[in-house]
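> Any chance you could fold what I've pasted below:
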Amino acid sequence: MSLVRLNIKGISYSQTQNGAYALILNEVDGDRKLPIVIGAFEAQSIAIALEKEIRPPRPLTHDLFKNFADRFDILVKQVIIHKLVDGVFYSSLICERDKIEEIIDARTSDAIALALRFDAPIFTYKNILDKAGIYLKVNPKKEDEEEQDSVLADDLMADELEEAPQETYKHKTLEELHKLLDEAVANEDYEKAAKIRDEISKR
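Numbers count the residues shown, from 1 in each chain. Below you'll find the predicted structure:
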């Protein structure tokens, strides 16, 4: 199967769903976009790596991985988004140490956060792009592409919300919200955690 190279177009925040993000990958030699729904923590990590000028006071998890890999001469050569099952993308890190290549399974959001830190190229297979790639609609008013991406993120979230009924936190006490927040973070459900955090902030 032939590989297609992708680059990162940006991260789109859903204007209707708090804490929900879509990572937009762009086909290098084409016009298709590959949108991937990611959590708030991963979105933040990717955004920091894209900005270059932003330096967190302490290393984030992906920065720590990079520092660890550098110390032990491990190089991430490329990232391949190799599988799509029920709307979930699966990725692999192609790593090298002492001229020996290893393939490590990773969540796509983590793999891309690391690809940015290692300046590694991102690929997917043509059949995945054929299945999940989309063309953003051309806006006759020539409004910002960023706005189009936000609409795209909202469309993605709407699809997901149809499948899973939205949980409401308005009737929970602050104590219950803090407990739910701890559980969401422990389960790495950062989208849910962001929604709970927003509800706590409103109080």
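
> Helix or strand: which one has the closest residue to Phe118 other than its chain neighbours?
Nearest non-adjacent residue to Phe118, counting by Cβ to Cβ, 6 or more residues apart in numbering: Val76, 4.1 Å away. Where C-beta positions appear, they are placed from N, C-alpha and C, glycine not excepted. Under the criterion of DSSP states H and E, Val76 resides in strand 75-85.

> how far does that strand sit from the chain's center?
Strand 75-85 has its C-alpha centroid displaced from the chain centroid by 13 Å (Cα atoms, centre = their mean, to the nearest Å).

> again, but for stretch 113-131
The mean C-alpha position of stretch 113-131 is separated from the chain mean by 12 Å, Cα atoms, centre = their mean.

> Can you give the domain ranges for this structure?
According to automatic domain parsing, the chain comprises the domains 3-156, 168-202.

> What pairs with the strand holding Val76, parallel or antiparallel?
Taking DSSP bridges as the criterion, strand 75-85 forms sheet pairs with strand 88-97 (antiparallel), strand 122-125 (parallel).

> after the last one, next one along is what?
Spelled out, it's strand 122-125. Using DSSP H and E, the first helix or strand after strand 122-125 is helix 126-132.

> List the buried residues of that next one.
Ile128, Leu129, Ala132 (16 or more other Cβ atoms under 10 Å).
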